[in-house]
Each structure stands twice: as structure tokens, then as C-alpha cells.
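Visitor: the following comprises the amino acid sequence and a computationally predicted model.
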Amino acid sequence: MEYYKRHLPHWQPEGAEFFIPFRLAESLPVEAVNKLKSYRKQLEKQDDSKIKDEIQGQIFKKYEGLLDQAGSGPTWLKEKNVAGVVQNSLHFYDSKAYDLYAYCVMPNHVHVVFKHLGDNEEINELNDVYSITKILHSIKSYTALECNKVLNRAGAFWQSESYDRVIRDQDELENTIRYTLHNPVKAGLVERWEEWSYSYCKSEFVDTFS
């Protein structure tokens, strides 16, 4: 089974390339979350795929814009030791569960781009019907525990559900990696993406985005 739905729809074909942002718990104000939910209801009523794509794009832009502002909620990921826990975890699963293309750890959210290694016998224990969700759950569970230790706190660390998007072609892949790497530039944190300490780009893609 490749599709399921909780609060968000999830289409997770085996062996596909994915773009996945996930954020800290309570990193968006309640009123903003409610507005995003109303946009999603509009999306679900649409039969026209073009209109659906446009609405989904609007939702994502609003979601990202609010996170980049970091106007409310925690920003624990700006701390070096906390961001390092997340970076190490993303690299741990590289070549085990996915081929890691790029990521960016922002103060209150993370972007990651990878290819799912669905045909890799070594990851059968992670490769069930909701394989991408299970991989993300493993990453988020481990990093929540370790980051809370660093911060000497308890309680929810990540927002429970993550957005995931299947990348459909090479142009979209390059645009997605570019977007991921340039997120701190867009947010005004650095002038060049290479200056951001909490980003990664696989060597074969680096020349394209330098």
C-alpha cells in the first residue's frame, strides 16, 4: 500500500525520491494552523489536478513563510549541539534506508531530500507498508529523546506528523534541492548557502548549486 491519510495525505511509492520538511512542536501559532487546515479542506474538494497543485503550492508557501519568520514557538535547532543530533541521525540512515541528497536544519524546522532504497534487503525491518513514515518516525523518536537530553527538558519535541512530497522528475529534483539549500539565505540568516553550518549536499550535486 503506497497511499494513506492521517491529517495530511501521504503517497509513498517504494524507491521514489522525496522532499520532506518536518518542524518542531508548537512552532506555528494555532490561528495559522487553523488557516492552513481551511486551505486543505479546499484542496480535498477539488477534482481538477491543476487547481489542486496550485492550492497545495499556496499551502506550502504559507507554511514555509511562517516557519522562516520563526515569529513564535521554540527555535531549539539553532543550538549547535541540538542541530548536530539531527544531522548525525540523518546521516546514520544514509545508504541504509535512503540515499541522502540534501538537507537543511533551520532553527525550527528541517528539510530533507532523499531517494528511498526500497529494494535494499538490509532495511526490510524499516520497509513496511508505510515505509517512509516509519523511517521518519525512527529519526524523530531518536532525535527527540537525544535533543531533550541536551536541552535538559521533557515533552514533545517534534510536530507529530510530517509533510512528504514525491519528486516527479529531474527538474523538480534540482529545484527541490536548490530550495532546501537556499532556505537559510531566503530567511536572511546567511548570504550564501555554503555558509550555513547545518546543511548538506551530496557531492555529485554540489557543482550544480554552487
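Guide: Nice, thanks for sending it over.

Visitor: only C-alpha atoms for contact and neighbour calcs from this point on.
Guide: Noted.

Visitor: what's the burial count for Tyr142?
Guide: Using other CA atoms under 10 Å, the number of residues around Tyr142 comes to 14.

Visitor: correction: Ser160
Guide: 13.

Visitor: quick one: it from Leu136, how far?
Guide: When CA to CA, to the nearest Å is the yardstick, Ser160 and Leu136 sit 10 Å from each other.

Visitor: now swap in Lys115 and tell me
Guide: As judged by CA to CA, Lys115 and Leu136 stand 13 Å apart.

Visitor: show me which of those two is the more surrounded one.
Guide: Taking neighbours as other CA under 10 Å, Lys115 and Leu136 compare with Lys115 leading, 20 against 16.

Visitor: assumed the more buried one was part of a strand.
Guide: Yes - the assignment for Lys115 is a strand, going by DSSP: H, G, I helix; E, B strand; the rest coil.

Visitor: next, the contact list for it, please.
Guide: Going by CA atoms under 8 Å, 6 or more residues apart in numbering, Lys115 touches 15-18, 98-101.

Visitor: could you measure from it over to Ser131?
Guide: Using CA to CA, Lys115 is found at 12 Å from Ser131.

Visitor: before we move on, the earlier item: which one (most neighbours) among the contacts of Lys115?
Guide: Within the contacts of Lys115, neighbour counts (other CA under 10 Å) peak at Tyr98, which reaches 25 neighbours.

Visitor: quick one, what contacts it?
Guide: 114-117.

Visitor: skipping adjacent residues, who's closest to it in space?
Guide: With sequence-adjacent residues excluded and distances taken as CA to CA, 6 or more residues apart in numbering, Tyr98 is closest to His116, at 4.4 Å.

Visitor: pretty sure that neighbour is touching Tyr93, no?
Guide: No - taking CA atoms under 8 Å as the definition, His116 is not a contact partner of Tyr93, at 10.5 Å.

Visitor: more crowded one of the two?
Guide: In this comparison of His116 against Tyr93, neighbours counted by other CA under 10 Å, the higher total goes to His116 at 25 against 16.

Visitor: list the contacts for that one?
Guide: Under the contact definition (CA under 8 Å, 6+ apart), the residues listed for His116 are 14-18, 97-99, 132.

Visitor: what's the per-residue pLDDT of it here?
Guide: At His116, the pLDDT value in this model is 90.

Visitor: likewise for Asp119?
Guide: Looking at Asp119 specifically, the model assigns a pLDDT of 56.

Visitor: ok, now Asp94?
Guide: The confidence metric pLDDT takes the value 94 at Asp94.

Visitor: surely it touches Tyr101?
Guide: No - counting by CA under 8 Å, no contact exists between Asp94 and Tyr101, whose distance comes to 9.1 Å.

Visitor: three-state assignment of Phe19?
Guide: Secondary structure of Phe19, reduced to three states by three-state DSSP: strand.

Visitor: for the chain, which segments count as helices?
Guide: 30-45, 49-69, 80-92, 131-151, 170-181, 183-186, 203-209 (DSSP state H).
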